[in-house]
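Colleague: Pasting the sequence and the predicted coordinates here, then a few questions.
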Protein chains: 2
Amino acid sequence: MNSDPGMRRYGELRRMVDRRVMAAVGRSGPRTIQRSLRTVVTAGGKRIRPVLLLISCEAVGGRVRDALDAAAAVELMHNFTLVHDDIMDNAPTRHGRPTVHKHWGVSQGILAGDVLVGLAYECFLKTKALQIRRLTRLFTDCLLKVCEGQGVDLEFGARKRVRLPDYFRMIEKKTAAMFSTSTMIGGVIGSGTDGHVRALQKFGFHLGRAFQIQDDLLDVVAKERTFGKALGGDIMEGKKTFLLLKAGEKARGKAATLLARVADSGQGIRHGRGDDFVRKVTDLYRQLGAIDAARKQIASETEEATRALSRLPRNRGTAMLRWMSGMLLGRVA
Amino acid sequence: MNSDPGMRRYGELRRMVDRRVMAAVGRSGPRTIQRSLRTVVTAGGKRIRPVLLLISCEAVGGRVRDALDAAAAVELMHNFTLVHDDIMDNAPTRHGRPTVHKHWGVSQGILAGDVLVGLAYECFLKTKALQIRRLTRLFTDCLLKVCEGQGVDLEFGARKRVRLPDYFRMIEKKTAAMFSTSTMIGGVIGSGTDGHVRALQKFGFHLGRAFQIQDDLLDVVAKERTFGKALGGDIMEGKKTFLLLKAGEKARGKAATLLARVADSGQGIRHGRGDDFVRKVTDLYRQLGAIDAARKQIASETEEATRALSRLPRNRGTAMLRWMSGMLLGRVA
């Protein structure tokens, strides 16, 4: 694996982020909070967002080490969203291990998330940059967008009719915002020009959209799901994914009835839905062209993202951004 | 009431804060989030912390209007702690109205709290001050302390033996930190000298400690509880208050057994505890001198706070700080 120089560099950056994240949560504090935080940050996340931040800084000619605090901060913020979302989604496990609230209780889950936000800001504010106000505003705007995206996602659970444009608005806030904020912040720390920062924002935005649609797709087509997540989880939970909404656009008659059953009242795993149900729905997705449409959408988002990179200097950072997009979006067979 | 110039000024400042808080939460966003936020910010809080921030700014020669965004931010942050604490404490009402999570569900409560943190930072970062990094660090440090204080408070519920020094460490983080951060931030925005900012910090710290001990005391001695909170709630819930811990220092035999029953296993209202139980425990608090000790402690904290004010310029702001301390701590007959 390490013969790939991209993978080697990614591993290096990932370890740098890990060390900074560990240092940030190593702060003294109540034992119970420490315990929850360890559960979260040792869960083996891929550190995608902070690595994107670091190489975005590099892409505009900045130094990785100047962006490390901001990178760790973005990872802490991301972890906050995971902990709180897991409570709201009533998720029992993440990466095959019990979620914080399942392990230590809902109160500890809420508190761990809150502390992660505080630690994220604490870490972020160590960034030595002239534009600290602008940077902290970008960071805050991202926090608000992620919360709003989660709010819209919760509303989807109660709504009968959700359309693809609603879905895109949701994932732009819930997923793409953190990608594009990471790349932008990297660009600002690296003293990129306004044009470079805009290009990075566009890259992150499309990468984030593609990443979410791929996540929806992997739920039904992955040969094997790593991290202990069962195949078809989104179908079992009635989540309004790209596939469900795309298929819904074309379904008539019996097919429409089946999809309505998937979407039925949303939130929470529905009882009586087994592997058979998942297989039937997956087949329908395939027949109605939703799976092909997802692949096409991922390809076109990736193309948009890559196009944005052409407006950046040619250097090791930009090459890594291209490598990351391939690594992240090449997962679908 | 408005013949008291202090009360009149307080009302003025409170309305200024209210307007800024309303503007901050008026941001567009999912309907469900908007709904929760309205529930929170219209609940009729006293806006103590933001008003302290404003008059602290004035006390060092600064202008109230320069501190308004930071003041509203502190209030939003305070409201975040209320919403999340109410979930962790399983509190059904606040100010006589259903809490956010009781009204709209736990997920909406978590999300509303998260959004309030984001809005608090967004509002805070509008502050036009050269020292924005230092200020945002103070603000973040406060967020972390409040979370840690809440963590310690939750741990108290599971601990058999809590002593007064533990209690003080807890309230210094959970209550006093937000008071002293507010007064410090006001001082920094007003360009106070280091000495003035330290004096303001000390004032806020002791005022906050006194405020919390008074809160414990009001739970058992107030002639009538406004805001719809029942008398003796802390006793019913087995909370480790100043009174319980102070009485515990002196209790022997049967008295010690009764107090152990109060503290028993903490968290959540114990069944089978009625008015009789509250009356018996309150009488014991009185007999063991805990109520007198609380009054003495409040008086000495207030004295310390007032002493700190003597290191500040004599002006309208400092006079208002003195007035606020009298208004807040003069509530115990």
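Modeller: Structure received.

Colleague: Touching, residue A:14 and residue A:45? I think so.
Modeller: No. No contact is recorded between residue A:14 and residue A:45 when judged using CB atoms under 8 Å, the distance being 9.3 Å. (Glycine included, C-beta is placed from N, CA and C.)

Colleague: quick one: which of those two has more around it?
Modeller: With other CB atoms under 10 Å in any protein chain shown as the criterion, residue A:14 and residue A:45 differ in neighbour count, and residue A:45 comes out ahead with 20 against 17.

Colleague: for that one, helix, strand, or coil?
Modeller: In the three-state summary, residue A:45 is assigned as coil, counting by DSSP: H, G, I helix; E, B strand; the rest coil.

Colleague: Show me how far the helix or strand where residue A:318 lies is from its chain's centre.
Modeller: Take DSSP states H and E as the rule and residue A:318 turns out to sit in helix A:316-329. Taking CA atoms, centre = their mean, to the nearest Å, the mean C-alpha location of helix A:316-329 is offset from the chain mean by 16 Å.

Colleague: Likewise for stretch A:316-333?
Modeller: For stretch A:316-333, the distance between its averaged C-alpha position and the chain's averaged C-alpha position is 15 Å (CA atoms, centre = their mean).

Colleague: Next: stretch A:251-260.
Modeller: Remark: stretch A:251-260 is offset 30 Å from the chain centroid, using CA atoms, centre = their mean.

Colleague: if we look at the helix holding residue A:318, which residues are touching it?
Modeller: Contacting residues not belonging to helix A:316-329 are listed as A:6-7, A:9-10, A:48, A:51-52, A:55-60, A:183, A:203, A:207, A:210-211, A:214, A:298, A:302, A:305-306, A:309, A:312 [CB atoms under 8 Å, 6 or more residues apart in numbering or on different chains].

Colleague: Phi and psi next, for residue A:97.
Modeller: Here the main-chain torsion angles of residue A:97 (degrees, to the nearest 10) amount to phi -120, psi 150.

Colleague: wait, it sits on residue A:43?
Modeller: Yes. Between residue A:97 and residue A:43 a contact is recorded at 6.1 Å, counting by CB under 8 Å.

Colleague: if we can go back for a sec, return the members of the contacts of helix A:316-329 classed as buried.
Modeller: If you count burial by 16 or more other CB atoms under 10 Å in any protein chain shown, the buried members of the contacts of helix A:316-329 come out as A:9-10, A:48, A:51-52, A:55-60, A:183, A:203, A:207, A:210-211, A:214, A:298, A:302, A:305-306, A:309, A:312.

Colleague: mind listing what residue A:132 touches?
Modeller: Residues in contact with residue A:132 (CB under 8 Å, 6+ apart) are A:125, B:132, B:133, B:136.

Colleague: Quick check: the farthest pair among these?
Modeller: Using CB to CB, the two most remote members of those are A:125 and B:132, lying 9.8 Å apart.

Colleague: ok, residue A:76 to residue A:23 distance?
Modeller: Between residue A:76 and residue A:23 the computed distance is 11 Å (CB to CB, to the nearest Å).

Colleague: Might you enumerate the residues of chain A proximal to chain B?
Modeller: Applying CB under 8 Å from any CB of the partner chain, one finds that chain A approaches chain B through A:27, A:29-33, A:84, A:87-88, A:106-108, A:110-111, A:113-115, A:117-119, A:121-122, A:125, A:132-133, A:136-137, A:140-141, A:143-144, A:147-148, A:150-152, A:154-155.

Colleague: 6 Å - rerun?
Modeller: Those residues of chain A that sit near chain B, judged by CB under 6 Å from any CB of the partner chain, are A:29-30, A:32-33, A:84, A:88, A:107, A:110-111, A:114-115, A:117-118, A:121-122, A:125, A:132-133, A:136-137, A:140, A:143-144, A:147-148, A:151-152, A:154-155.

Colleague: Select only the buried ones of those in ChimeraX?
Modeller: Command for ChimeraX, covering only those of the residues of chain A next to chain B found buried under the criterion 16+ other CB under 10 Å:
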select /A:29,30,32,33,84,88,107,110,111,114,115,117,118,121,122,125,132,133,136,140,143,144,147,148,151,152,154,155
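
Colleague: From the residues of chain A next to chain B, which land in helices?
Modeller: Applying DSSP state H to those, the entries found in helices are A:32-33, A:84, A:88, A:107, A:110-111, A:114-115, A:117-118, A:121-122, A:132-133, A:136-137, A:140, A:143-144, A:147-148, A:151-152, A:154-155.

Colleague: which non-adjacent residue is nearest residue A:219?
Modeller: Sequence neighbours aside, residue A:234 is the residue nearest to residue A:219 in space, at 4.5 Å (criterion: CB to CB, 6 or more residues apart in numbering or on different chains).

Colleague: which parts of the helix or strand that neighbour falls within are buried?
Modeller: Residue A:234 is part of helix A:233-237 when elements are defined by DSSP H and E. With burial defined by 16+ other CB under 10 Å, the residues of helix A:233-237 counted as buried are A:234, A:235, A:236, A:237.

Colleague: ok now that helix, how far from the chain's centre?
Modeller: 18 Å.

Colleague: Alpha carbons only: can I get it in PDB?
Modeller: Listed in PDB are the C-alpha atoms of helix A:233-237, where the atom choice follows Å, rounded to 0.1, in the frame of the first residue of the first chain:
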ATOM      1  CA  GLY A 233     -29.100   0.400   6.700                       C
ATOM      2  CA  ASP A 234     -30.500   3.500   5.000                       C
ATOM      3  CA  ILE A 235     -33.300   1.400   3.600                       C
ATOM      4  CA  MET A 236     -34.100  -0.100   6.900                       C
ATOM      5  CA  GLU A 237     -34.200   3.300   8.500                       C
END
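
Colleague: Give the other helices and strands that that helix contacts.
Modeller: Counting contacts by 3 or more CB pairs under 6 Å, 6 or more residues apart in numbering or on different chains; DSSP states H and E, helix A:233-237 packs against no other helix or strand.

Colleague: Check which residues of the next helix or strand after it are buried.
Modeller: Taking DSSP H and E as the definition, the helix or strand that follows helix A:233-237 towards the C-terminus is helix A:242-250. For helix A:242-250, burial by neighbour count (16+ other CB under 10 Å) applies to A:242, A:243, A:244, A:245, A:246, A:247, A:248.

Colleague: Closest one of the residues you listed to chain B?
Modeller: Closest to chain B out of those is residue A:245 (18.1 Å), distances taken as CB to the nearest CB.

Colleague: Let me have the contacts of residue A:132 in CSV, extended by distance to residue A:257.
Modeller: Shown next, in CSV, are the contacts of residue A:132 (distance: CB to CB, whole Å):
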residue, distance to residue A:257
A:125, 54
B:132, 57
B:133, 58
B:136, 54
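
Colleague: Pick out the residue in the stretch 151-300 of chain A sitting closest to chain B.
Modeller: Nearest to chain B in the stretch 151-300 of chain A, going by CB to the nearest CB, is residue A:151, at a distance of 3.7 Å.

Colleague: and the gap between that residue and residue B:123?
Modeller: Relative to residue B:123, and taking CB to CB, residue A:151 is found at 19 Å.

Colleague: how about stretch A:40-49: buried residues?
Modeller: By 16+ other CB under 10 Å, the buried positions in stretch A:40-49 come out as A:40, A:41, A:43, A:45, A:47, A:48, A:49.

Colleague: Helices along the stretch 201-333 of chain A, start to end?
Modeller: Assigned helices in the stretch 201-333 of chain A, in chain order: A:233-237, A:242-250, A:253-263, A:275-287, A:290-309, A:316-329 (criterion: DSSP state H, counting those that start in this stretch).
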